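**Q** The sequence isn't on hand, but the structure is:
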């Protein structure tokens, strides 16, 4: 397991949004039980599984979101 220590609380990184996008991926979903549409896995566990199956992907997403937010702040 490749652990993720801290992830910012960006709305784009909510466990429900991530699960809606990646929950259908058989490589990722095999590590989770079946959830109803109103439920999602625990965020930390979900991110750790994604980071293990696809190393570095979470870090790249966070870096991209930070750059986007910084550019929006500069433009204001």
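**A** Here it is on my side, so go on. Just so we're clear, the structure is a prediction, and the values are computed from it rather than from any experiment.
**Q** Would you mind confirming that residue 14 is in contact with residue 43?
**A** Yes. Contact criterion Cβ atoms under 8 Å: residue 14 and residue 43 qualify, at 7.4 Å. All C-beta spots, glycine's among them, are computed from the backbone N, C-alpha and C.
**Q** With neighbour numbers in mind, choose between these two.
**A** A count of neighbours by other Cβ atoms under 10 Å puts residue 43 above the other of residue 14 and residue 43, at 17 against 13.
**Q** show me what contacts the residue lying closest to the more buried one once chain neighbours are set aside?
**A** Sequence neighbours aside, residue 15 is the residue nearest to residue 43 in space, at 3.9 Å (criterion: Cβ to Cβ, 6 or more residues apart in numbering). With contacts defined as Cβ atoms under 8 Å, 6 or more residues apart in numbering, residue 15 is in contact with 40, 41, 42, 43, 46.
**Q** Filter these down to the buried ones.
**A** Burial by neighbour count, 16 or more other Cβ atoms under 10 Å: within the contacts of residue 15 this picks out 40, 41, 43, 46.
**Q** circling back to that earlier point, roughly how far does the residue nearest to residue 43 sit from residue 40?
**A** Distance, residue 15 to residue 40, using Cβ to Cβ, to the nearest Å: 4 Å.
**Q** what about residue 17, helix or strand, and which?
**A** Secondary-structure assignment from DSSP states H and E places residue 17 in helix 15-22.
**Q** Give me the distance from that helix to the chain's centre.
**A** 7 Å (Cα atoms, centre = their mean, to the nearest Å).
**Q** Averaged pLDDT, whichever helix or strand comes after that helix. What do you get?
**A** Proceeding N to C from helix 15-22, the next assigned helix or strand is helix 26-29, under DSSP H and E. Across helix 26-29, the average pLDDT comes to 93.
**Q** Now do the contacts for residue 47.
**A** 4, 7, 18, 58.
**Q** and the residues you listed, which are buried?
**A** Among those, the ones that count as buried by 16+ other Cβ under 10 Å are 4, 18, 58.
**Q** Redo those residues as CSV? Include distance to residue 50 and pLDDT.
**A** Converted to CSV, the buried ones among the contacts of residue 47 look like this (distance: Cβ to Cβ, whole Å; pLDDT from 0 to 100):
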residue, distance to residue 50, pLDDT
4, 8, 77
18, 7, 91
58, 6, 87
